[in-house]
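Engineer: Structural data only, the sequence is not supplied:
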């Protein structure tokens, strides 16, 4: 079998497995997930040996330290994978829940029932632990999954897949429920993206380059976000002590992630009092500040912001700062430059908080809290398989429910249409 | 401006309008919808004159009577458009509703709030009344819409768009909220399908050829169904009197629509008693019966079914009939041939009803009722803009709520992530 034939064959097996998974009880699914946790512990040394092959090869190719770090299945990563599996097992099963039921005038009882999506294609980069996290969420939500990880992680991913398939077999669940594509060829990804008769959804996770590649080549619906250009607007009525803490957290706590703040908007009335203290704090943390002309009138040390700084996702200790006249100025800037990911307002004003919540068209809109809370776990979804910034299906972080859909179930007693 | 420039410009205006529409109160939206109803009545003669141009041109081109009928804005069609508008105005506004809110351990209040999708591209064929129906649903759900109708209906669609834009203007709502593309060129459709930065969703409505064309060329998510190959399984425990009525209704009441039954599956234990009476009834209504070998053992008059009859959407008084051994046989046949649209079981057996509801992977699954009930109005959604048989976003008939999504709104008091 060549690569396209192999991927097509895997997708067919995945679809067959999905029919079984949809009817699986929570008890069986949780048993598999907890068994994976046990097997990971049992076979840790073996899996780490496979992982070492990947890490050594990547090191020989001169990959950067941060890359090697992400690739390494350290003891700590094992602990975290096992903890994650136990948490997923403890989550409620979304499948089967009837989200509403009503009676029509003719007596038909109509309900909507949660069902799995079917087959999910998950395409990601170099962290092999994602293989286990994503597979557990797909299984718990009754979906089969085809995983295509980064080429540098292939040995690790196949070792992890073997553990998961063993756990599936022991519980009598088809192994095809969780498959890792055993190829590093781009051709394999392209073929997966063509399986629109067999695969229901593609979720890519990684850098903007990977996501754009997937979105451009997929015939299957893709849930994704290209980037997070998150804004915070400090209103004139903001509690400036709170604002200092929140703005510091949003930029500095973990600058390399999609929900970190990239642009700070400050109301002109408080800019003279707020910016100096905020900037002093940022500078101690080595944040590079790129300001608009009005910002630089207050703080001449700030680097002049260039046009491309607005809307940029720095993923680093860099912050664009703009002074705006009022809430409308902030809303206009956000409407133009936001990535529809996460925006926050810091204010004590009731009306402005309400307007911001209503008018900002982003997947998560916050009042008086850090943008870093756009995360399935932090928002209470229990877990997260990704964040979607297109409006369709699930806008924002996606947990188990977002890996399901609903069908209509109708109980009749002979109704016909007249 | 050439056609691509024009369509791109319209999409930009539509996106600007959408920002306004999202914050519009129900009162204003309903006022516009009811004003359209009034203006349709006032300007009926004028619109019918525009429609006559289309109908005359189509007749001169030798279009079939059924086509001319669909194209004609008769007095009766006006009555129905006006009634439809009043019904949409009477429906609740889905926008702004908070579908759930919970408190996190750190005190963050997290909710999900309904918001419009944004800009909808609606692509359809020759019924000009659809222009008004679809536009009203988009407006009510806070979305702006770009309509591309069939080329034979252009004068009619533009006349209807003028009425709707006048009503928008009178209420101070941007006219770009409802736009009809003033071109019959396929290039215009192709350009619309490329506007993934401006348009959030494409809904095509029409024959399988149109839908496939749209799905193949769109860079924007498409909600659609290619066809409805609906099955009814008559179980051995079915009430055969009820089964006769339901099976007759599902095939004969309106055979040309997507929720009509195309294949009848009958349990072997009742086939000898059920098929003769059912076939007698069908033959009186001129239904052509195409049977499997076991069907033809019972009724030799039935045409031998060919391989391509299974899974065929006849949209006509033709029915494929298969005798199956049991529920598993029916489920296997459905899993293989269904279009995931609508399937029904007729049974008195509790366990089989439950299994059928759970295991059939279709957007609407019914017990003891006609497949003809897969319709937004009939199921209680109030109205319907289309039926989606892909799993993403909204599986099945789509009403006002399905034209919205939710964003997360978060009320904090200074929370930061640690």
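Structural biologist: Everything's here; your move. Since the structure is predicted, the reported quantities are computational estimates derived from the model, not experimental observations. Numbering: from 1, shown residues only, chains lettered A, B, ... in the order given.
Engineer: Return the nearest residue of the stretch 251-400 of chain A with respect to chain B.
Structural biologist: Taking C-beta to the nearest C-beta as the measure, the point where the stretch 251-400 of chain A comes nearest chain B is residue A:369, at 2.9 Å. Every C-beta, even on glycine, is put in place using the N, C-alpha and C of the backbone.
Engineer: how far away is that residue from residue B:104?
Structural biologist: Distance, residue A:369 to residue B:104, using C-beta to C-beta, to the nearest Å: 10 Å.
Engineer: so for the helix or strand hosting residue A:407, what's the average pLDDT?
Structural biologist: Using DSSP states H and E, residue A:407 maps to strand A:404-415. What strand A:404-415 shows for mean pLDDT is 98.
Engineer: tell me how far the helix or strand hosting residue A:59 is from the chain's mean position?
Structural biologist: Assigned by DSSP H and E, residue A:59 belongs to helix A:44-60. Between the centre of helix A:44-60 and the centre of its chain there are 26 Å (C-alpha atoms, centre = their mean, to the nearest Å).
Engineer: still on that earlier bit, can you pull the contacts of the spatially closest residue to the residue of the stretch 251-400 of chain A closest to chain B that is not a sequence neighbour?
Structural biologist: In this structure, residue A:369 finds its nearest non-sequential neighbour in residue B:412, 2.9 Å apart by C-beta to C-beta, 6 or more residues apart in numbering or on different chains. Residues in contact with residue B:412 (C-beta atoms under 8 Å, 6 or more residues apart in numbering or on different chains) are A:366-369, A:373, B:107-109.
Engineer: Among the residues you listed, name the ones in strands.
Structural biologist: For the contacts of residue B:412, the ones inside strands are A:366-369, B:109, with DSSP state E as the criterion.
Engineer: Looking at these, which is nearest residue B:359?
Structural biologist: residue B:109 (39.5 Å; C-beta to C-beta).
Engineer: wait, doesn't the closest one sit right on residue B:415?
Structural biologist: No: with contact defined as C-beta atoms under 8 Å, residue B:109 does not reach residue B:415; the gap is 10.3 Å.
Engineer: Between those two, which is the more surrounded one?
Structural biologist: With neighbours defined as other C-beta atoms under 10 Å in any protein chain shown, residue B:109 and residue B:415 compare such that residue B:415 has more, 23 against 15.
Engineer: Three-state assignment for whichever residue of the stretch 151-300 of chain A sits closest to chain B, please.
Structural biologist: Nearest residue of the stretch 151-300 of chain A to chain B, counting by C-beta to the nearest C-beta: residue A:249, 3.6 Å away. Under the three-state scheme (DSSP: H, G, I helix; E, B strand; the rest coil), residue A:249 adopts helix.
Engineer: now the helices: where do they sit in chain A?
Structural biologist: Counting by DSSP state H, chain A has helices at residues A:3-21, A:26-42, A:44-60, A:65-71, A:75-90, A:129-140, A:154-170, A:186-192, A:208-217, A:240-252, A:271-284, A:293-298, A:327-337, A:350-359.
Engineer: Need the residues that contact the third one.
Structural biologist: Residues external to helix A:44-60 that are found in contact with it (C-beta under 8 Å, 6+ apart): A:40, A:67-68, A:71-73, A:75, A:78, A:128, A:152-156, A:158-160, A:163.
Engineer: if I pick residue A:206, what's in contact with it?
Structural biologist: By C-beta under 8 Å, 6+ apart, the residues touching residue A:206 are A:123-125, A:150.
Engineer: Serialize these to a markdown table and add fields for neighbour count and pLDDT.
Structural biologist: Shown next, in a markdown table, are the contacts of residue A:206 (neighbours: other C-beta atoms under 10 Å in any protein chain shown; pLDDT from 0 to 100):
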| residue | neighbour count | pLDDT |
| --- | --- | --- |
| A:123 | 26 | 97 |
| A:124 | 22 | 95 |
| A:125 | 19 | 92 |
| A:150 | 23 | 94 |
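Engineer: pLDDT wise, what is the residue of the stretch 151-300 of chain A closest to chain B at?
Structural biologist: 98.
Engineer: neighbours around it, how many?
Structural biologist: Neighbourhood size, residue A:249 [other C-beta under 10 Å]: 22.
Engineer: again with residue A:92
Structural biologist: Close neighbours of residue A:92, defined as other C-beta under 10 Å, add up to 11.
Engineer: and the stretch 251-400 of chain A, which of its residues are near chain B?
Structural biologist: Within the stretch 251-400 of chain A, the positions near chain B by C-beta under 8 Å from any C-beta of the partner chain are A:253, A:335, A:357-359, A:361-370, A:372-374, A:378-380, A:390-397.
Engineer: picking up where we left off before, distance of the residue of the stretch 251-400 of chain A closest to chain B relative to residue A:198?
Structural biologist: 42 Å.
Engineer: How about the residues of the stretch 101-250 of chain A by chain B?
Structural biologist: With C-beta under 8 Å from any C-beta as the criterion, the stretch 101-250 of chain A meets chain B at residues A:102, A:104, A:108, A:110, A:113, A:115, A:117-118, A:200-201, A:221, A:223, A:239, A:242, A:245-246, A:248-250.
Engineer: Residue A:417: what's it in contact with?
Structural biologist: B:249, B:253, B:370, B:372-373, B:378.
Engineer: and the closest residue to it other than its chain neighbours, how many neighbours?
Structural biologist: The shortest distance from residue A:417 to any residue other than its chain neighbours is 4.0 Å, reached at residue B:372 (C-beta to C-beta, 6+ apart). Other residues near residue B:372 number 25, with proximity taken as other C-beta under 10 Å.
Engineer: Residue B:372 is in contact with residue B:256, isn't it?
Structural biologist: No: applying C-beta under 8 Å as the test, residue B:372 and residue B:256 come out as separate, 11.9 Å apart.
Engineer: Check the contact lists of the two and give me the overlap.
Structural biologist: Contacts common to residue B:372 and residue B:256, judged by C-beta under 8 Å, 6+ apart, are absent.
Engineer: what bits of the stretch 251-400 of chain A have low per-residue confidence?
Structural biologist: Applying pLDDT under 70 to the stretch 251-400 of chain A picks out no residues at all.
Engineer: and what of the stretch 51-200 of chain A?
Structural biologist: By pLDDT under 70, the stretch 51-200 of chain A has no low-scoring segment.
Engineer: returning to that earlier point: show me the contacts for the residue of the stretch 151-300 of chain A closest to chain B.
Structural biologist: Taking C-beta under 8 Å, 6+ apart, we find residue A:249 in contact with A:370, A:372, B:416-417.
Engineer: If we use 6 Å, what do you get?
Structural biologist: Neighbouring residues of residue A:249 by C-beta atoms under 6 Å, 6 or more residues apart in numbering or on different chains: A:370, B:416.
Engineer: what's the answer for residue A:399, then?
Structural biologist: Each residue near residue A:399 by C-beta under 6 Å, 6+ apart is listed here: A:376, A:381-384.
Engineer: Farthest-apart pair in these, please.
Structural biologist: Top of the distance list for the contacts of residue A:399 (C-beta to C-beta): A:382 and A:384, 8.5 Å.
Engineer: The residue of the stretch 251-400 of chain A closest to chain B and residue B:416, how far apart?
Structural biologist: Look at residue A:369 and residue B:416: by C-beta to C-beta, they are 8 Å apart.
Engineer: ok, now which ones touch residue A:359?
Structural biologist: Going by C-beta under 6 Å, 6+ apart, residue A:359 touches A:331, B:23.
Engineer: follow-up on the earlier one: just the buried ones from the ones in strands among the contacts of residue B:412, in PyMOL syntax?
Structural biologist: Listed next is the PyMOL selection for buried residues among the ones in strands among the contacts of residue B:412, using 16 or more other C-beta atoms under 10 Å in any protein chain shown:
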select buried, chain A and resi 366+367+368+369
